[in-house]
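Peer 1: A structural model of the following input is requested.
(4 chains)
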There are 2 protein chains.
Amino acid sequence: MRAVFAEESRISVLDVPEEILEPLSRSPVARDVAHRAGVSTATVSRVLNGSAGVRADKREAVMRAAQDLGFVANGAARALSTRRFMAVGAVVPNIENEAFVRVLSSFQERLRQAGYTLVAANAGYDLEDELREATFLLERGVDGLMLVGDIHHPDLHTRIARHGIPMVQTFSLSRERPCVGFDNAASAARAANYLIDLGHRRIGVISGLRKDNDRGGARVTGIAQALAARGLTLAPEHDIEISYGIGGGRDGFRQMLAGGPPPTAIICGTDQIAFGAMIEARARGLDVPGDLSVIGHNDSDFAPFLDPALTTIRIHSAEIGHAAGDHLIARMQGRPVVRLTQIDAELILRASTAPPRKPTLD
Amino acid sequence: MRAVFAEESRISVLDVPEEILEPLSRSPVARDVAHRAGVSTATVSRVLNGSAGVRADKREAVMRAAQDLGFVANGAARALSTRRFMAVGAVVPNIENEAFVRVLSSFQERLRQAGYTLVAANAGYDLEDELREATFLLERGVDGLMLVGDIHHPDLHTRIARHGIPMVQTFSLSRERPCVGFDNAASAARAANYLIDLGHRRIGVISGLRKDNDRGGARVTGIAQALAARGLTLAPEHDIEISYGIGGGRDGFRQMLAGGPPPTAIICGTDQIAFGAMIEARARGLDVPGDLSVIGHNDSDFAPFLDPALTTIRIHSAEIGHAAGDHLIARMQGRPVVRLTQIDAELILRASTAPPRKPTLD
DNA sequence: TGGCTATCTGAAAGCGCTTTCAAAACGCTG
DNA sequence: CAGCGTTTTGAAAGCGCTTTCAGATAGCCA
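Peer 2: Numbers count the residues shown, from 1 in each chain, chains lettered A, B, ... in the order given. Predicted structure coming up:
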């Protein structure tokens, strides 16, 4: 059931031309402040940047003049002069995705404290687009760059290197490049082992799109290997790749059921997918966790509130963002840094997983 | 039930000092390109900015030289020279909030197409913080600014005016300033009227924090007025203000029940709050919608998938973002614009609302 | 008070682009 | 081929800040 009520569709008040805002003469520049304070622009700069060696009275005068005039330094001029933009870029696959939002938020928090601004861009799970967006950021001017994952367009590293700015990768580990993340394969394998230990033998996977996505790929690989190590296999019909979201999860599970004997447990690429799969399972009369155990990824806000509460792999997004921020800030300030920071994901056990009702016989 | 399994806590590989990246001489500048192409920097600039009036052969030569050198113009120098930063700022109350994320994403989409970058900042529902963040953005250099809501720090408008850049407000309407949004009071009132029409007489509200939040305030006011117009009142014990989130919703509803005869319907500030309230209701043995009708706000992804599916006020976040982007781009390019764009919210009817089981008698 | 050092200060030179302005090159026409 | 109107082009002047460098001041001691 779904209807639109009282749709008083959209209205626009047309063409009220903009009035001109105050004919403000011209925004004040350092010279104006210097004049007013009776000093040179050099001194203005020194005062406003807090550098020592300015006599108290002049300092006062400059401060007051700047205040009176409402002076705000021109960022571009400063950047041009100092060769520092005081900005950091971040390119993430999907800027609306909860996990990335959390990382960006905590990343920004750190940067902001250090006086940097964050400029985020969207790469949409496509290496070409990622390259394009990163290039755009480099042109506009950033002092550092955050990327997601370990596979990128071959030209990307060259371009970053040419700009001579530090870069840090997140969400996965890398032997070649600085990174903050976790072992996606290992954490997914841990979830698989947990299910195997519970007695499950037919285990399925519903992942998001894996194209240009090393994290998703690694997780599936990790699961397949964990199964193999215990003499089990990930059946092709139990290895589903769908688009993200609750709808994707429903479709994915439906697809899986169409492929032969259903699994007794599934591991999903996100909690949204897991939620969708649970809905579809219920619609098919399957009990979770009685007939089907479900594990998600991310520990979204709603995960503990689902019915049953969702077992999930919690990614410490906030800590990844903080660590990535700290890493970049340190390098931009020329301090030594750790090259690899590992922040392991945790398996959070809740009610959506249980031993299979009737242990499978094979 | 909630346990942490196999917590192999966090590891950091320490102090592998960063190797120096390629000792690249110095990134190429326009002069280098000019030299290589045998022209002046003026011509280089003309070619790279696509301005007409450059002979084809020189244009070719410049293109090739720029390509060979991997030249990328310095954004700060360009900004300083053109007095345009090609950047737009946005200050939102909570950068992690789903509704704002969606607006920012669609806003950015438009800006990006027009060659602008978005710089977003977090104001945390506090006017002082909002002022601080906006000022920070103004200093760093933006050509336009997006804000949320119609109440701001008194100094904010002065500062924006001093910079002479356009600003647009979102999510609510304003008679003083350019805006893209909807009538929060009216849309909430519509929801209230719908409940009244269903036969509800005791209607409650659980809103998020209303401090420095005109949207939240307007919604409650709208509901109270709608009730009053039908001879009903919003009882103080049914007017709850809590922090956002599912947990907030649970707490809020619990608090409401503690305050006397329970309402037969509630309107919540977000779908998360509504979800929390539904969980708490169920925990108390109340049936939704039999004993309690619930309406949310935003039409989050999960709303149609809750059990029962959630009736909610859908805010067209993506369209608000697009319209705000278009508005700002137009003004930055000196084109005339509409001053007020209204994009009404819709009431989406689903299964969480129904007539009260036993009509109240008053 | 003179001399010497330590502290402050301002003039001026960039930073790397864009853009104006005048000169150069070009293409026609008569 | 001179003369004239167009195109093209480059020199140079900014844009508004930081920072160097040398000169001006102040502080101190004898």
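
Peer 1: Tell me, please, the helix or strand in chain A that averages the lowest pLDDT.
Peer 2: Lowest mean confidence among the helices and strands of chain A (mean pLDDT, DSSP states H and E): strand A:3-5, at a mean of 35.

Peer 1: Relative to B:His153, how far out is the closest residue to A:Gln169 other than its chain neighbours?
Peer 2: Closest residue to A:Gln169 apart from its sequence neighbours, by C-beta to C-beta, 6 or more residues apart in numbering or on different chains: A:Cys179 at 4.2 Å. The way it works is simple: take the backbone N, C-alpha and C, and place the C-beta from them, glycine included. As judged by C-beta to C-beta, to the nearest Å, A:Cys179 and B:His153 stand 40 Å apart.

Peer 1: per-residue pLDDT, the residue lying closest to A:His153 once chain neighbours are set aside?
Peer 2: Of all residues not flanking A:His153 in the chain, A:Leu131 sits nearest, at 3.9 Å (C-beta to C-beta, 6+ apart). pLDDT for A:Leu131: 95.

Peer 1: surely A:Leu131 meets A:Thr158?
Peer 2: No. With contacts counted by C-beta atoms under 8 Å, A:Leu131 stays clear of A:Thr158, the gap being 10.4 Å.

Peer 1: higher neighbour count, the two?
Peer 2: Remark: of A:Leu131 and A:Thr158, A:Leu131 carries more neighbours, 18 against 11, as counted by other C-beta atoms under 10 Å in any protein chain shown.

Peer 1: what residues are up against that one?
Peer 2: A:His152, A:His153, A:Asp155, A:Leu156, A:Arg159 (C-beta atoms under 8 Å, 6 or more residues apart in numbering or on different chains).

Peer 1: how far out from the middle of the chain is stretch A:54-68?
Peer 2: Stretch A:54-68 has its C-alpha centroid displaced from the chain centroid by 43 Å (C-alpha atoms, centre = their mean, to the nearest Å).

Peer 1: what does the stretch 151-300 of chain A put close to chain B?
Peer 2: Listed as neighbours of chain B in the stretch 151-300 of chain A under the rule C-beta under 8 Å from any C-beta of the partner chain: A:158-159, A:161-164, A:166, A:178, A:190, A:194, A:245-246, A:272, A:275-276, A:279.

Peer 1: Pick out the most distant pair among the residues you listed.
Peer 2: Farthest pair in those (C-beta to C-beta) is A:Gly164 and A:Ile279. Separation: 50.3 Å.

Peer 1: Which residue of these two possesses the greater neighbour count?
Peer 2: A direct count of neighbours by other C-beta under 10 Å for A:Gly164 and A:Ile279 places A:Ile279 higher, at 20 against 14.

Peer 1: Please give me every residue in contact with that one.
Peer 2: Shown in contact with A:Ile279 (C-beta under 8 Å, 6+ apart): A:Ile246, A:Gly249, A:Arg250, B:Phe305.

Peer 1: what's the farthest-apart pair in these?
Peer 2: Across the contacts of A:Ile279, the longest distance by C-beta to C-beta is 9.5 Å; it joins A:Gly249 and B:Phe305.

Peer 1: Now do the strands in chain A.
Peer 2: With strands called from DSSP state E, chain A shows them at A:3-5, A:11-13, A:87-92, A:117-122, A:144-148, A:167-170, A:179-181, A:203-207, A:239-241, A:265-268, A:293-297, A:311-314, A:340-342, A:346-349.

Peer 1: Now do the fourth one against strand B:117-122, angle only.
Peer 2: Using axes from the mean of the first three to the mean of the last three C-alpha atoms, to 10 degrees, the inter-axis angle of strand A:117-122 relative to strand B:117-122 is 120 degrees.

Peer 1: Strand A:117-122 near chain B anywhere?
Peer 2: Yes. Judged by C-beta under 8 Å from any C-beta, strand A:117-122 and chain B are in contact via A:Thr117, A:Leu118, A:Val119, A:Ala120, A:Ala121, A:Asn122.

Peer 1: on that earlier part again, quick check, the residue nearest to A:Gln169 in contact with A:Ser172.
Peer 2: Yes. A:Cys179 lies in contact with A:Ser172 (C-beta under 8 Å); the separation is 6.9 Å.

Peer 1: Name the residues contacting each of the two.
Peer 2: Counting by C-beta under 8 Å, 6+ apart, the common neighbours of A:Cys179 and A:Ser172 are A:Asp150.

Peer 1: So between the two, which is more surrounded?
Peer 2: A:Cys179 (26 against 21).

Peer 1: is the residue nearest to A:Gln169 in a bridge, and if so with what?
Peer 2: Taking DSSP bridges as the rule, A:Cys179 bridges to A:Gln169, A:Leu340.

Peer 1: Against chain B, how distant is it?
Peer 2: Note on A:Cys179: its distance to chain B, by C-beta to the nearest C-beta, to the nearest Å, is 10 Å.
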